[in-house]
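Undergrad: sequence first, predicted coordinates after that:
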There are 4 protein chains.
Amino acid sequence: MSKLQSATDLPDKYLSALASANLQPLWPSLRTLISHGAPARSSIPMHWNYPQVRELLIQAGDLTPIEKAERRVLVLCNPGLGIDNLQATPSIYIGLQLILPGEDAPNHRHSPSAIRLIVEGTGGFTTVEGERLPMEPGDLILTPSGLWHEHGHTGSEPVIWMDALDLPLIYYLETSQAQEAPLQHAPIRPDSSQTKFRRAGLLPYSQLHDRNPYPMLRYPWKEAREALTELAGATDRDALVQLAYVNPITGEECLPILGISALMLRPGESADLGRRTCSAVTHVIEGIGSSEIDDNAFNWNPRDITVIPPHASCTLHNQSSSKPAFLLMVDDAPLHRKLGFYREYR
Amino acid sequence: MSKLQSATDLPDKYLSALASANLQPLWPSLRTLISHGAPARSSIPMHWNYPQVRELLIQAGDLTPIEKAERRVLVLCNPGLGIDNLQATPSIYIGLQLILPGEDAPNHRHSPSAIRLIVEGTGGFTTVEGERLPMEPGDLILTPSGLWHEHGHTGSEPVIWMDALDLPLIYYLETSQAQEAPLQHAPIRPDSSQTKFRRAGLLPYSQLHDRNPYPMLRYPWKEAREALTELAGATDRDALVQLAYVNPITGEECLPILGISALMLRPGESADLGRRTCSAVTHVIEGIGSSEIDDNAFNWNPRDITVIPPHASCTLHNQSSSKPAFLLMVDDAPLHRKLGFYREYR
Amino acid sequence: MSKLQSATDLPDKYLSALASANLQPLWPSLRTLISHGAPARSSIPMHWNYPQVRELLIQAGDLTPIEKAERRVLVLCNPGLGIDNLQATPSIYIGLQLILPGEDAPNHRHSPSAIRLIVEGTGGFTTVEGERLPMEPGDLILTPSGLWHEHGHTGSEPVIWMDALDLPLIYYLETSQAQEAPLQHAPIRPDSSQTKFRRAGLLPYSQLHDRNPYPMLRYPWKEAREALTELAGATDRDALVQLAYVNPITGEECLPILGISALMLRPGESADLGRRTCSAVTHVIEGIGSSEIDDNAFNWNPRDITVIPPHASCTLHNQSSSKPAFLLMVDDAPLHRKLGFYREYR
Amino acid sequence: MSKLQSATDLPDKYLSALASANLQPLWPSLRTLISHGAPARSSIPMHWNYPQVRELLIQAGDLTPIEKAERRVLVLCNPGLGIDNLQATPSIYIGLQLILPGEDAPNHRHSPSAIRLIVEGTGGFTTVEGERLPMEPGDLILTPSGLWHEHGHTGSEPVIWMDALDLPLIYYLETSQAQEAPLQHAPIRPDSSQTKFRRAGLLPYSQLHDRNPYPMLRYPWKEAREALTELAGATDRDALVQLAYVNPITGEECLPILGISALMLRPGESADLGRRTCSAVTHVIEGIGSSEIDDNAFNWNPRDITVIPPHASCTLHNQSSSKPAFLLMVDDAPLHRKLGFYREYR
């Protein structure tokens, strides 16, 4: 039991004088705010099965014309943080977005940064600052803070993608804003990942000392999968096969707050990720397996989504003895690193 | 009126299926989360008169022995953010702390970073990682994330200081932790600001390529005041006379999230700070004046504390025609800069 | 005519007193040392036809067994700098090295940094710090300062490569050293360009914040050629199609002093490189064309080598109207950039 | 004896074919260029007694009117490098410059970077980019690459300063240039070291993220001496008391190629500097002592100048048992660090 005085030990008159002066005594809540053991944590480990979410999302398509929805998105909410707060973890927003053939969105930009990870369907595309980016399942598209973007769908089946944003943090800091562009569509340039930024170690000379924070906006899954497979061959059995998605000009993580990486679990492999100060969300691109997160265990199948809260332990298992599994991970490690409190421990 | 569909347009059955799957439709709250005009803001401009807070703080000394309080602090709470949340702005905590002669605090450390700005009284000291730092009015002491610190008071009158912490953000990210040390006091080294780091442009050779993020822990007011006065003589009348408190090895701001600076207003001077994405708190070290913050105007006297919310306009006036005024400012500009969304505008 | 006093205007007795004190008057040579027009330049534009050099190099193979030569290299010497000084430009050494089937070199390392650009022949390999790097024509291999390396030849024909080193500068600074390893060969790891560093924007997660200056040691020509071809399609007709060879972790140039890049000249294209403070050497990988360097014009064929002195103007022409030309360029731009005097001008 | 073939083992006809093609065989000179033991070194330890140089310099004042000399400088030449090459070490030029009352120099700039260390006399001043910098004995003034500067002398006695430049390297790289300004004198701003940059840890807010490489141009000796004395009190007996002269905005060394530092030897202290890859020159500001450099020993008095060649061992002794000694050191460590081959060893 804490030796600290509780607020109710203080005279009522004193407490109301404090309240009317917009003051609070610190000592009754000190140990709650700054824990002497593990940090206070509201967010909890979570798991969503894709088929269940998908069914509800398709219903949204029936119930809600795009004109009335603007964005037809179901947000995955961590109940530990309050289901109305639209947080998967304290700083990460995760939504599943549906667009139907012919639907589009006008050019706009916003202060939060976002990624789109294509989950199913072909024929969608996103155009960022005039660069037209095809969307194939597994592809990752950046729509960073302040960059104009729009999207469309020229295919014949539903396209679903996972949105991840740093919106909770930006909203918390009271600096969340958006802007719509005049109606005309931006001119079209091809996807830089196929022209300017192909091979590791080769940069367009003119960009050698460029500090463009977002020179490359699409990370095709086909290429990431191939790179993971080659990396696996050069990686010890007890080390993680993991690729970070970075700015090819600087080697820095591709977004300022969110970190993106892809993991390969070799057949039968178990990977202990340890504990980290930051939170993370995984999405299954390929394979079946399970995740142990603190005292929870979740089985996963393709397209499922799992939340790893801050400071939680996490072990991933590939349950197939013959096939690899591939996961995409979104975390807020870049934020923690920039602020100086990133830490890994057991 | 928004064209967006409200949540109540959706069938109850659908809504309850969503809720039981921990999902929320985005579209009813999209425009709230990502505003198309100014960002949604809960924090409001605030002002505290020091004498009023001081009186309540001295009462706390009478009502609460230090053994029961651990820290005798009154927290300045922005009512726009909910008075129970102990936030002056979304990311900044401000408290006024009282220690009486002979009181001390044992060695401890925590994940939030803090500053102490001495408001009144002499004879207090803080020891950080074994470096003993005297505390005179106006002095600024750093107790950064993870560094062991303790304090004591060998004088004969109350000592009061202002604490500023990045605690709200760290708590929000679920990574707020503290630790107490075994009882023995740390060995004593002298204040580096008087030995290793004196003159601008001169670094101990051994630290030339050191990346120690916190090599200097005390910024004496006497020196900052003198530096401001000399800077004023070389600064145009329409430019701010403002000094940033930085790491002398790297020139980077002295803490990872909070920015510290000191401002001098020349006699009769008005200074328009414009609008910034970040929030700030000012403390009057010397002088009388007023602050216009959006539509609010506050008169200030020495030791008063004022809150400038994110995106607010702010103009400062020195109401004396013969004497300078000096303010210390705490903001979260370093956080905004690191995350890439720092912006100044009119 | 300079108004400066010449040394001969000074009394002999004074001059000899200076000399015996190891002193020189500055004024007679001031305008020579620090020119008031274009910088004093000794190096001159040069061109070597490959067949001529090759013939002499093959003769060296006949005349000189590898045991007696240690390295069978002909050095391309800029006559403006004195043919005995082994400089192609003030800071760049260029040699052509021959190894015959079965010849090898033991493990060694040196303070200068080097590249090997494979000119002809297959079956050669270089092993750097235990990483075995195949050598195909056009491939670029790094053997940076301080890294252990050895080579061998398992093929059946002569292998010839171009060495480029920063040796002249290192020797000038009196810090040129080498070391031989004990005889055993290093263990074999595969070429990182095919495992860890494949696609732009994807980094092994463990190397995200690694500062290894030389993580990737081979730049296969096949991949660079393909990347240039794709870049050409996204590059305006009047802009250079040029790729810098960089450290994939940091985006910094791949060696500390020498810069490596590859240029593609589209059919019929003329490219004006302007004037630069730094010097450069070009090697033709594919195509025919000409280079105008100040008042000199050189026609080139595959494998030819051309020197562009500091501050010289340079225009390159692809003389084919149907085929692209490809050049590899070695310069000392990284040195000039680090020292702060890099400049481009007309 | 080397197993390498000497050039004279090769047929004359072959050697002349090589020469006419501007080629040289590497193997006869390989071991000279890249030594397998200590690096080949031409520069030697040197020492100049100030009174001897001063007498010859004063004579130059008599023999040479400033109109005919432009700069009245005696250059300290390392005989190991050839006395005509004006090198104290491979990359460092050292001169002693005399100006007489009323003499001045017009506004000019050059590609080499220079410092001026005032040796004797008062009333001199240098103006750099319009900033007027007084020159008192021991003061250090920067005239960096590309910055306009001029000087004058309003006092009544000779002023002598020591120039140190990176001229040998810049000349070697064929990029040494100067330019004279139109005749009007630049407007006058006061010395930034007394206005904008006073105390360590305090930066003008507007320069927080400025990358100006040369924001502060004068390092007054009075302040450096005081800082050394305070540092000495906080430095263990067996550690060097040494301050680096840095850019106060970034903490980087104050010039790109040359490093400047000040050393204090406490009474009776001996300081072993070890061996370094770089070269250095010391100037005695105060005190008497001796330097052992490899196998040489030099006694020194105030204003004497000593050369420490690359890779040489060096031990400094303060021969007074009651008074401190103070030395200014110029080296090319920044160059070596930037190029990646800086190393300290025994």
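TA: That came through fine. Numbers count the residues shown, from 1 in each chain, chains lettered A, B, ... in the order given.
Undergrad: can you show me the strands along the stretch 51-200 of chain A?
TA: A:73-76, A:93-99, A:105-110, A:114-120, A:124-128, A:131-135, A:140-143, A:149-153, A:159-165, A:178-180, A:189-190 (DSSP state E, counting those that start in this stretch).
Undergrad: so is the last one next to chain C?
TA: Right, strand A:189-190. Yes - judged by C-beta under 8 Å from any C-beta of the partner chain, strand A:189-190 and chain C are in contact via A:189, A:190. For every residue, glycine as well, the C-beta is placed using N, CA and C.
Undergrad: where does chain A dip in pLDDT?
TA: A:1-3, A:183-186 (pLDDT under 70).
Undergrad: and the helices in it?
TA: Per DSSP state H, chain A carries helices over the ranges A:12-20, A:30-33, A:50-63, A:66-69, A:167-172, A:221-233, A:333-339.
Undergrad: CSV please, covering the ones you listed and showing mean neighbour count.
TA: Listed next are those as CSV, based on neighbours: other C-beta atoms under 10 Å in any protein chain shown:
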stretch, mean neighbour count
helix A:12-20, 13
helix A:30-33, 16
helix A:50-63, 17
helix A:66-69, 16
helix A:167-172, 24
helix A:221-233, 18
helix A:333-339, 23
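Undergrad: could I get those as CSV with distance to residue C:45?
TA: Listed next are the helices of chain A as CSV, based on distance: least, C-beta to C-beta, whole Å:
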stretch, distance to residue C:45
helix A:12-20, 82
helix A:30-33, 71
helix A:50-63, 65
helix A:66-69, 65
helix A:167-172, 57
helix A:221-233, 42
helix A:333-339, 48
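Undergrad: what about those helices, which gets the closest to residue C:139?
TA: Proximity to residue C:139 (C-beta to C-beta) singles out helix A:221-233 among those, at 18.2 Å.
Undergrad: give me the contact list for that closest one.
TA: A:118, A:136-140, A:193, A:241, A:243, A:245, A:262-264, A:266, A:285-286, A:324, A:326, C:190, C:194-196, C:198-199, C:202, C:204 (C-beta atoms under 8 Å, 6 or more residues apart in numbering or on different chains).
Undergrad: tilt between that helix and strand A:114-120?
TA: With axes from the mean of the first three to the mean of the last three C-alpha atoms, to 10 degrees defining the directions, helix A:221-233 sits at 90 degrees from strand A:114-120.
Undergrad: C-alpha coordinates for helix A:221-233, CSV please?
TA: C-alpha atoms of helix A:221-233 as CSV (Å, rounded to 0.1, in the frame of the first residue of the first chain):
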residue,chain,number,x,y,z
TRP,A,221,5.3,-7.0,-52.6
LYS,A,222,6.7,-9.1,-55.4
GLU,A,223,10.1,-7.5,-54.8
ALA,A,224,9.9,-7.5,-51.0
ARG,A,225,9.0,-11.2,-51.0
GLU,A,226,11.9,-12.0,-53.3
ALA,A,227,14.3,-9.9,-51.2
LEU,A,228,13.1,-11.7,-48.0
THR,A,229,13.7,-15.1,-49.6
GLU,A,230,17.2,-14.2,-50.6
LEU,A,231,17.9,-12.7,-47.2
ALA,A,232,16.7,-15.9,-45.6
GLY,A,233,19.4,-17.8,-47.3
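Undergrad: now it, how far from the chain's geometric center?
TA: 21 Å (C-alpha atoms, centre = their mean, to the nearest Å).
Undergrad: now swap in stretch A:118-129 and tell me
TA: With C-alpha atoms, centre = their mean as the basis, stretch A:118-129 stands 17 Å off its chain's centre.
Undergrad: with stretch A:293-312 instead?
TA: Worked out by C-alpha atoms, centre = their mean, stretch A:293-312 lies 14 Å from the chain centre.
Undergrad: that one near chain B at all?
TA: Yes - applying C-beta under 8 Å from any C-beta, one finds stretch A:293-312 touching chain B at A:309, A:310, A:311.
Undergrad: spatially nearest residue to the first one (excluding sequence neighbours)?
TA: Meaning residue A:309. Leaving aside its chain neighbours, residue A:309 sits nearest to residue A:43 (4.2 Å; criterion: C-beta to C-beta, 6 or more residues apart in numbering or on different chains).
Undergrad: what's near enough to touch the one you found?
TA: Residue A:43 is in contact with A:78, A:80, A:81, A:87, A:89, A:90, A:279, A:307, A:309, A:310, B:174, counting by C-beta under 8 Å, 6+ apart.
Undergrad: neighbour-wise, which of those leads?
TA: residue A:279 (29 neighbours; other C-beta atoms under 10 Å in any protein chain shown).
Undergrad: and the closest residue to that one other than its chain neighbours, how far from residue A:340?
TA: Closest residue in space to residue A:279, ignoring its immediate chain neighbours: residue A:89 at 3.5 Å, by C-beta to C-beta, 6+ apart. Computed as C-beta to C-beta, to the nearest Å, the residue A:89 to residue A:340 distance reads 20 Å.
Undergrad: before we move on, what about residue A:327?
TA: 28 Å.
Undergrad: also residue A:213?
TA: Going from residue A:213 to residue A:340 by C-beta to C-beta gives 20 Å.
Undergrad: one more: residue A:322?
TA: For residue A:322 relative to residue A:340 (C-beta to C-beta), the value is 44 Å.
Undergrad: before we move on, the earlier item: am I right that the residue nearest to residue A:279 is in contact with residue A:310?
TA: Yes - taking contacts as C-beta atoms under 8 Å, residue A:89 lies within contact range of residue A:310: 7.1 Å.
Undergrad: and for these two, which residues touch both?
TA: With C-beta under 8 Å, 6+ apart, residue A:89 and residue A:310 have common neighbours A:43, A:279.
Undergrad: what's the residue nearest to residue A:154 when sequence neighbours are not counted in contact with, if anything?
TA: Distances taken as C-beta to C-beta, 6+ apart place residue A:123 nearest to residue A:154, at 4.9 Å, with adjacent residues excluded. Counting by C-beta under 8 Å, 6+ apart, residue A:123 makes contact with A:101, A:153, A:154, A:155, A:156, A:157, A:159.
Undergrad: follow-up on the earlier one: out of the residues of stretch A:293-312 next to chain B, which are inside strands?
TA: Assignment to strands by DSSP state E places none of the residues of stretch A:293-312 next to chain B there.
Undergrad: hang on, the earlier thing: filter the contacts of helix A:221-233 to the buried ones?
TA: Neighbour-count burial (16 or more other C-beta atoms under 10 Å in any protein chain shown) is assigned, among the contacts of helix A:221-233, to A:118, A:137-140, A:193, A:241, A:243, A:245, A:262-264, A:266, A:285-286, A:324, A:326, C:194-196, C:198-199, C:202, C:204.
Undergrad: and residue A:102, how many residues sit next to it?
TA: Neighbours of residue A:102 (other C-beta under 10 Å): 12.
Undergrad: quick check on it: phi, psi?
TA: Dihedral angles of residue A:102 (phi, psi; degrees, to the nearest 10) stand at phi 90, psi -20.
Undergrad: was I right to think it contacts residue A:153?
TA: Yes - counting by C-beta under 8 Å, residue A:102 touches residue A:153, with 6.4 Å between them.
Undergrad: contacting residues for residue A:182?
TA: residue A:107.
Undergrad: ok, now how distant is it from residue A:144?
TA: Distance from residue A:182 to residue A:144, by C-beta to C-beta: 21 Å.
Undergrad: how close does the residue nearest to residue A:309 sit to chain C?
TA: 23 Å (C-beta to the nearest C-beta, to the nearest Å).
Undergrad: likewise for residue A:100?
TA: 31 Å.
Undergrad: tally of neighbours for that residue?
TA: Residue A:100, neighbours per other C-beta under 10 Å, totals 18.
Undergrad: chain B contacts on the stretch 101-250 of chain A?
TA: A:110-112, A:145-146, A:167, A:170-180, A:213.
Undergrad: rerun at 10 Å
TA: A:108, A:110-113, A:144-146, A:163, A:165-180, A:213-214 (C-beta under 10 Å from any C-beta of the partner chain).
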